[in-house]
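Visitor: what's the 3D shape of this:
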Amino acid sequence: MATLVVLLLVGCSGNALPPTSMPSASSAAPPTPAVTSPVTTPTASAPTAANGATPPSSATPLSSTTPSPVTTPSPSPSPLPATSPTIDSAEPPAAAMAVVGSPDEVPGRLSSYSYGTFASDGPWLPARILNDITVPVGAKLVVRFLNGTSIADLSARYAAAADEQALVVRGIDGGRLVAGAAEIAAPPVGDWAVEVQLDYPAGQGSGSYYWHVTVTP
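Guide: Numbering: from 1, shown residues only. Have a look, this model is predicted:
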């Protein structure tokens, strides 16, 4: 009842209280943020030359090719200095055999030798590849160098012609030097390979010379 009286009194009074304003829905709601488009940063383009050509990249790409190994050449051996032999050539002088007093000489075949600064090691030579000389039993044989060089010393031996390996070798005694040539006795009757070793003068070495000697009765 009291409340009704108050309301009536207020309504009747000229000094009415202003109505309380209520916030509108638009003012009460929080402001919607504006949608901002993302800013796109432009990609920097390579500078273009004045003539329109694209300048080469400053960075050089690495090659994927495997580098070839560097081959170091082997040093070439230095040639040995030439020596001056004390003889005219590397080839020893040729030798020939004859029966003493006969003009018919048969060249021998050289095998092993040492001659000045040169040397060669050869085998015993079989009779089948040698030059033949036929002599009578008891004959004396003379051997000389065909270039006229004097013989310094000699030795002689023989083996059967069929014994190509010289498994049985016999010496020939009684050899001697005569006027720069070598003189030896013929072997006994038979078919032989005869080796005569001749020394070159002035210590220049020696050589082994061979003949196929057939001694007849």
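Visitor: average pLDDT for stretch 137-153?
Guide: The pLDDT scores in stretch 137-153 average 98.
Visitor: contacting residues around that stretch?
Guide: 93-100, 107-108, 135, 154, 177-178, 180-186, 188-189, 196, 198-203, 206, 209, 213, 215-217 (Cβ atoms under 8 Å, 6 or more residues apart in numbering). All C-beta atoms are positioned from the backbone trio N, CA, C, and that covers glycine.
Visitor: what do you get if the cut-off is 6 Å, keeping everything else the same?
Guide: 93-100, 180-184, 186, 189, 196, 198-199, 201, 215, 217 (Cβ atoms under 6 Å, 6 or more residues apart in numbering).
Visitor: quick one: which of the residues you listed sit in strands?
Guide: If you go by DSSP state E, the contacts of stretch 137-153 have 95-99, 181-184, 196, 198-199, 215 in strands.
Visitor: which of those sit farthest apart?
Guide: The distance between the two most remote of those (Cβ to Cβ) is 25.5 Å, for Asp199 and Val215.
Visitor: Verify the stated contact: Ala90 with Phe118.
Guide: Yes: Ala90 lies in contact with Phe118 (Cβ atoms under 6 Å); the separation is 4.4 Å.
Visitor: Neighbour count for those two, which is higher?
Guide: Phe118 (15 against 12; other Cβ atoms under 10 Å).
Visitor: That concludes my questions; thank you for your assistance.
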